[in-house]
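Undergrad: Fold the following, please.
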Amino acid sequence: MGKFLNMEVHMHTNHFNSWYRSKWDRQMGQSQPVGGAEMTSRKPHLVANSILQREYPNTVVLRGSLNENKVALTFDDGPDIRFTPQVLNVLNKYKIKATFFLMGARAAEHSDIVRRMHAEGHVIGNHTYWHPNLTEGSLERVHWEVTSTEEVLAQIIEYRPRLFRAPYGALNREIVELMRQMGYSVILWNVDSLDWRQLGTTVISDIVLANTEPGSIVLMHDGGDWTMDLSGTVHSLHDIIPRIQQEGIEFVTIPELLNISKAK
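TA: Purely as a prediction, here's the structure:
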């Protein structure tokens, strides 16, 4: 894979770092998604993820087993200095563990939050460094985004995450094949909370509660574009967690749900 770390990629990287560092300084104190906010940049998939799951059953995951009363909460786009600590506080209150897919740029900026996640027993996954739409770039760019994030996370939590989630869930066969070769499990979801639309608390909880069943992987967000207000996500957890627990369903991490390792 060394061929992927070529001069062109490094040139692009320096451009991204320079542009986003100035943006970071001007705004909220953390890097912004290079691909844009979920609201404006999430697009229809060229290849349905359900098809990719069938073609790569040992790599691409949409859900866990229907036969076990377990579900997994997952959070994308953090760590966010505004919302991630609030989410962690709620999870701690209910004594449950979740899985966080982190941007490498933000993990580097907020390593203290990443360490807190790790210390409190949550599992951490790779969500690329700058959050681009990977299907719009080269495989060299994909490789750089993933390995750069892996290096940052390994320095903070002392393991290399096995779990990967593509920004916007945007994948194609070439990206999945590359992830397979790199030793990653590609974790998708079967319940989208739609919290990235900045919905109200009740709407988010209603969506999750209406669609969650044993084995579900629930997509939520603890970070986003600097303009986004994810308060609805934080508050909805106070309804979602106890009501699912009342059904006798346990909240677990993705490795526990799928019986796989969190590390490569």
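
Undergrad: When you work out contacts or count neighbours from here on, use the C-alpha atoms and nothing else.
TA: Fine.

Undergrad: can you give me phi and psi for the closest residue to residue 139 other than its chain neighbours?
TA: Closest residue to residue 139 apart from its sequence neighbours, by C-alpha to C-alpha, 6 or more residues apart in numbering: residue 175 at 7.0 Å. Per-residue torsions, residue 175: phi -70, psi -40 (degrees, to the nearest 10).

Undergrad: Is residue 175 in contact with residue 138, as I believe?
TA: No. Look at residue 175 against residue 138 with C-alpha atoms under 8 Å: they stay out of range, at 9.4 Å.

Undergrad: more neighbours, these two?
TA: Of the pair residue 175 and residue 138, residue 175 is the one with more neighbours under other C-alpha atoms under 10 Å, namely 18 against 13.

Undergrad: On the pLDDT front, check the more buried one for me.
TA: The per-residue pLDDT reported for residue 175 equals 98.

Undergrad: next one: residue 34
TA: As predicted, residue 34 sits at a pLDDT of 75.

Undergrad: ok, now the one 3 residues further on?
TA: In the prediction, the pLDDT value recorded for residue 37 is 66.

Undergrad: quick one: buried residues of stretch 91-104?
TA: 91, 96, 97, 98, 99, 100, 101, 102, 103, 104 (16 or more other C-alpha atoms under 10 Å).

Undergrad: Tell me which residues of stretch 127-144 come out buried.
TA: Neighbour counts over stretch 127-144 (16+ other C-alpha under 10 Å) mark 127-135, 140-144 as buried.

Undergrad: Just give me the longest strand of the protein.
TA: The longest strand of the chain (DSSP state E) is strand 70-78.

Undergrad: That one: partners in the sheet, and parallel or antiparallel?
TA: strand 99-102 (parallel), strand 217-221 (parallel), strand 250-251 (parallel) (DSSP bridges).
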